[in-house]
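Colleague: Would you be able to build a 3D model of this:
(chains A and B, ligands or ions: 2)
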Amino acid sequence: MSDALHLEFEVSGNNFVSAGGASDEVKKTLKMLGIGAQYIRKVAIAMYEGEINMVIHAGGGRAIVDIYREKIVIVLKDQGPGIPDIDLALTEGYSTATDNIRDLGFGAGMGLPNMKKYTDEFNLESEVGKGTTVTMVVNFF
Amino acid sequence: MKLSEIIKNLDAKVVNASDLDKEIVGGYCGDFLSVVMGKAPENGGWFTIMNNQNVAAVASLTEVGVIIICDGVEPDPYLDKKVRDIGLDLIITPYPVFEAVKKSGL
Ligand SMILES: Nc1ncnc2c1ncn2[C@@H]1O[C@H](COP(=O)(O)OP(=O)(O)O)[C@@H](O)[C@H]1O
Ligand SMILES: [Mg+2]
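Modeller: Numbering: from 1, shown residues only, chains lettered A, B, ... in the order given. Ligands and ions are numbered 1, 2, ... in the order given. Okay, the predicted model is just below:
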């Protein structure tokens, strides 16, 4: 576990039009490392959803990424409002996004379900008023 | 099907096309980005009416073959620039999504 490639990103909370930079960087890095395309796609989708959630719902946050030979561990940490009902938030189609966010194509309520679907391990911890931490692992095998 | 054939079938205006001989296989229609990300096939055509730069992020992350903006909608200036910057293929067809899919031949 010591030979990890460690990356950290500040995800800005005030520009959800250009969000996705961290996911893009991670995708490029994985490509450079020669990771299989099918795994890169899973990572890219899951991480973009998480990044967007921090931007839309939490006013930004941090992405902490560790890449190992056999897997990637992505931690998304924010100090936003938190999620009162995690089971409900994980329901397909559930969204608290506003109309102007929907106009941009977000707010389908498929983000958290996608993140769960495309990762091998998914963990969401949230405390109202404190923030949310999502941990995702994708195995490269 | 070759991108050049799709462009012809759709009377499409090319905003950016890196390789007209590129093979496009299958496709997906949708405007909700999360749904598209979950379902659009790699190297397929993505039929949409969304025109902001999130479209580029989603197309790039999911490796969509060509973005097909329907109903004659123009990409906004940010999307227009971004597809050129990162080398994504994007075309505009005057036809509404349903017609566009039928005409595309995909
Ligand atoms: N980081 C976060 N901070 C606060 N709330 C969140 C966060 N991520 C998700 N949520 C809540 O969970 C809901 C469902 O999230 P998601 O499935 O990604 O759908 P969407 O983002 O399209 O609304 C959101 O509408 C929001 O209420
Ligand atoms: Mg979301």
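Colleague: With just CA atoms, put the lowest-mean-pLDDT helix or strand in chain A into CSV.
Modeller: Lowest on mean pLDDT, DSSP states H and E among the helices and strands of chain A sits helix A:99-103, with a mean of 92. Taking Å, rounded to 0.1, in the frame of the first residue of the first chain, the C-alpha atoms of helix A:99-103 are listed here in CSV:
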residue,chain,number,x,y,z
ASP,A,99,-34.8,24.4,-11.5
ASN,A,100,-31.9,26.5,-12.7
ILE,A,101,-29.5,23.6,-11.9
ARG,A,102,-31.9,21.3,-13.8
ASP,A,103,-31.7,23.6,-16.8
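Colleague: got the buried residues for that helix?
Modeller: Residues residue A:101 are the ones in helix A:99-103 that count as buried (16 or more other CB atoms under 10 Å in any protein chain shown). The C-beta positions use only the backbone N, C-alpha and C, and glycine is treated the same way.
Colleague: Report whether that helix contacts ligand 2.
Modeller: No. Helix A:99-103 stays clear of ligand 2 (CB under 5 Å from the ion), getting no nearer than 9.4 Å.
Colleague: got the contact list for that helix?
Modeller: The contact list for helix A:99-103 (CB atoms under 8 Å, 6 or more residues apart in numbering or on different chains) reads A:16, A:56, A:107.
Colleague: Dump these to TSV, plus distance to residue A:48 and secondary structure.
Modeller: Formatted as TSV, the contacts of helix A:99-103 follow (distance: CB to CB, whole Å; DSSP: H, G, I helix; E, B strand; the rest coil):
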residue	distance to residue A:48	secondary structure
A:16	12	coil
A:56	12	helix
A:107	15	coil
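Colleague: how about the residues of chain B near chain A?
Modeller: Residues of chain B lying close to chain A (CB under 8 Å from any CB of the partner chain) are B:31-35, B:37-38, B:42, B:50, B:52-55, B:57-58, B:60-63, B:78.
Colleague: Over to residue B:59: give its phi and psi.
Modeller: For residue B:59, the backbone dihedrals (degrees, to the nearest 10) come out as phi -60, psi -40.
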